[in-house]
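Visitor: below are the sequence and a predicted model for it; my questions follow.
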Amino acid sequence: MLTIAYLANQFPCELEPYVGDEIAELRRRGAVVITGSVRSPKGAAEMPDIVLQHAAVRVLGPAMWLLISKWKCVLPLLIRIVSSREPVGKRMKALLHTILGACYAALLRDHDVDLIHVHHGYFGSWIGMTAARLLNVGFSMTLHGSDLLRNASYLDLKLAQCDFCVTISEYNRNYLLKRFPDVDPGKILVSRLGVDVVERATRSTPQKNPDSLNLLAVGRLHEVKDHAFLLRACAELIAGQVPFSCRVAGDGPERRRLESLITKWGLQERVTLLGHIPRMRLPALYDAADVVVLTSRSEGIPIVLMEAMARGRIVLAPAITGIPELVRAGETGFLYQPGSLQDCVAQLRFIYSQMTGDKSGGLLEEMRRRATAHVDQNFNRAKNLQSFADLFPQRSAAARRNRTHANLILQ
């Protein structure tokens, strides 16, 4: 029976439902999964097996003994930290995460773990990597978007040390192989996320010849999501006399700035910041929208777009990273050139013209059909979870056969 320690920065997390889905699928197949969260989850109905933030102090003594008694396992990591060109702050954090990795190893020591799997390439992956070295077990991770495109500290080391790395798009895989040419291509695997496809009979029917264009954006109010760009597009629509309303579902550190921009550009009557919306209420928002808009500067392949397309909504997004694998321009949705306000607004105007023209949305109806079919075929939650879970028995067995941690000094 396979025993997997599953670690995330925060688990459970409403923004990352796929982590819980993967754990449930692995358990359904008979694997023992020990859930772990580096940070304490907020408002979780069910706590993970290990919350490192709380448990680390309790096992600090055994953890330090592990570091001392197995110093050869962590010495290469420490040398890399000291000799790296990362900012001092990041190096100090890596030292702290090495200690947390020892704490995690101490907590897992009696569970006969075969593999430690970590979601995201942030600090949790360093913790998991350290623990795997100390316990002499397998280590793998899933990379999504900003963890490899924007915050890739020590990623070369993590890729060298992992037994396999799952990523969610062909774009990400090609990016990793190009940036880190020494990595074995065979260990970088693509496993897409997915959503449930809504039966056609239960989808809402888009309104024909609507009085205005109903826009929806769903996402955390963070600078990387660039909602300010969306607000600029809204201001341009007003200038071009396109009737519309825009609702933004999500909360975050950018809220005050966005509220200020809404006032500055006179958007109070057109744009509504809804704040945090529970996932169970999102389907109703999708169904009320004509277009679901995404304006991020960096992404993996957004679940939001999958959910919208699965419900037969038109989507508009920038042609960045793995998004074109989901949104095929003019076929399953609309793409605009990254950073081009003019192109974004032109796409919105075109969509509105198709909704209100003589053909009354024939092109859009065909696009909706193709979008749902594309999601069902390539981003189907049940199918993709099965493919993801298939990776673990074979890869874990190979990891056990090859269980030697190479000395990084000699690499």
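Guide: Noted; the coordinates are in hand.
Visitor: shaky segments in this structure?
Guide: For the chain, the stretches with pLDDT under 70 are 44, 199-209, 358-361, 397-411.
Visitor: could you chop it up by domain?
Guide: Domains of the chain are assigned by automatic domain parsing as 3-194+381-410, 200-378.
Visitor: need the ones you listed in CSV (columns: mean neighbour count).
Guide: Yep, even glycine has a C-beta here, placed from its N, CA and C like the rest. What follows is the domains of the chain, written out as CSV (neighbours: other C-beta atoms under 10 Å):
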stretch, mean neighbour count
domain 3-194+381-410, 18
domain 200-378, 18
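Visitor: helices or strands up against the strand or helix carrying Gly61?
Guide: Assigned by DSSP states H and E, Gly61 belongs to helix 60-69. Contacts defined by 3 or more C-beta pairs under 8 Å, 6 or more residues apart in numbering; DSSP states H and E place helix 60-69 against helix 88-108.
Visitor: can you list contacts of the helix it packs on?
Guide: Outside helix 88-108, the residues that touch it by C-beta atoms under 8 Å, 6 or more residues apart in numbering are 5, 7, 34, 36, 38, 50, 52, 55-56, 59-60, 62-64, 66-67, 74, 77-78, 81-82, 84, 86, 116, 123, 126-131, 134-135, 153-154.
Visitor: let's see which of those end up in helices.
Guide: If you go by DSSP state H, these have 52, 55, 60, 62-64, 66-67, 74, 77-78, 81-82, 123, 126-131, 134-135 in helices.
Visitor: the residue positioned nearest the centre of the chain and Val32, how far apart?
Guide: In the chain, the C-alpha closest to the average C-alpha coordinate belongs to His144, at a distance of 4.7 Å (C-alpha atoms, centre = their mean). Going from His144 to Val32 by C-beta to C-beta, to the nearest Å gives 25 Å.
Visitor: with adjacent residues omitted, what lies nearest to the residue nearest to the centre of the chain?
Guide: Gly300 (4.2 Å; C-beta to C-beta, 6 or more residues apart in numbering).
Visitor: would you confirm that the one you found belongs to a strand?
Guide: No. Counting by DSSP: H, G, I helix; E, B strand; the rest coil, Gly300 is not part of a strand but coil.
Visitor: residue contacts, it?
Guide: By C-beta under 8 Å, 6+ apart, the residues touching Gly300 are His144, Gly145, Ile168, Ser169, Asn172, Leu193, Thr321, Gly322.
Visitor: which two of those have the greatest separation?
Guide: Leu193 and Thr321 (13.6 Å; C-beta to C-beta).
Visitor: return every residue with contacts to both of these two.
Guide: Gly300, Ile301.
Visitor: all helices of the stretch 151-300 of the chain, in order?
Guide: For the stretch 151-300 of the chain, applying DSSP state H, counting those that start in this stretch gives helices covering 155-161, 170-179, 227-239, 255-264, 282-288.
Visitor: JSON lines for the ones you listed, including distance to Glu366?
Guide: As requested, the helices of the stretch 151-300 of the chain are exported to JSON lines (distance: least, C-beta to C-beta, whole Å):
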{"stretch": "helix 155-161", "distance to Glu366": "41"}
{"stretch": "helix 170-179", "distance to Glu366": "26"}
{"stretch": "helix 227-239", "distance to Glu366": "25"}
{"stretch": "helix 255-264", "distance to Glu366": "35"}
{"stretch": "helix 282-288", "distance to Glu366": "19"}
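Visitor: show residues contacting the helix holding Gly61.
Guide: Contacts of helix 60-69 (C-beta under 8 Å, 6+ apart): Ala56, Val74, Thr98, Ile99, Ala102, Cys103, Ala105, Ala106, Arg109, Leu134.
Visitor: quick one: distance of that helix to the chain centre.
Guide: Its chain's C-alpha centre and that of helix 60-69 lie 33 Å apart, by C-alpha atoms, centre = their mean, to the nearest Å.
Visitor: try stretch 170-189
Guide: Using C-alpha atoms, centre = their mean, the offset of stretch 170-189 from its chain centre is 18 Å.
Visitor: what's the answer for stretch 264-279, then?
Guide: 24 Å.
Visitor: now it - C-alpha only, CSV.
Guide: The C-alpha coordinates for stretch 264-279 follow below in CSV (Å, rounded to 0.1, in the frame of the first residue of the first chain):
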residue,chain,number,x,y,z
LYS,A,264,-11.4,58.4,-10.6
TRP,A,265,-12.7,57.0,-13.9
GLY,A,266,-16.4,57.5,-13.1
LEU,A,267,-17.3,53.8,-13.1
GLN,A,268,-19.4,53.7,-10.0
GLU,A,269,-22.6,53.0,-12.0
ARG,A,270,-21.1,50.3,-14.2
VAL,A,271,-18.6,48.3,-12.0
THR,A,272,-19.4,46.5,-8.8
LEU,A,273,-16.8,44.9,-6.5
LEU,A,274,-18.7,42.0,-5.0
GLY,A,275,-16.0,40.9,-2.5
HIS,A,276,-15.3,37.3,-1.6
ILE,A,277,-17.9,34.9,-3.1
PRO,A,278,-18.1,31.3,-1.9
ARG,A,279,-17.5,28.7,-4.6
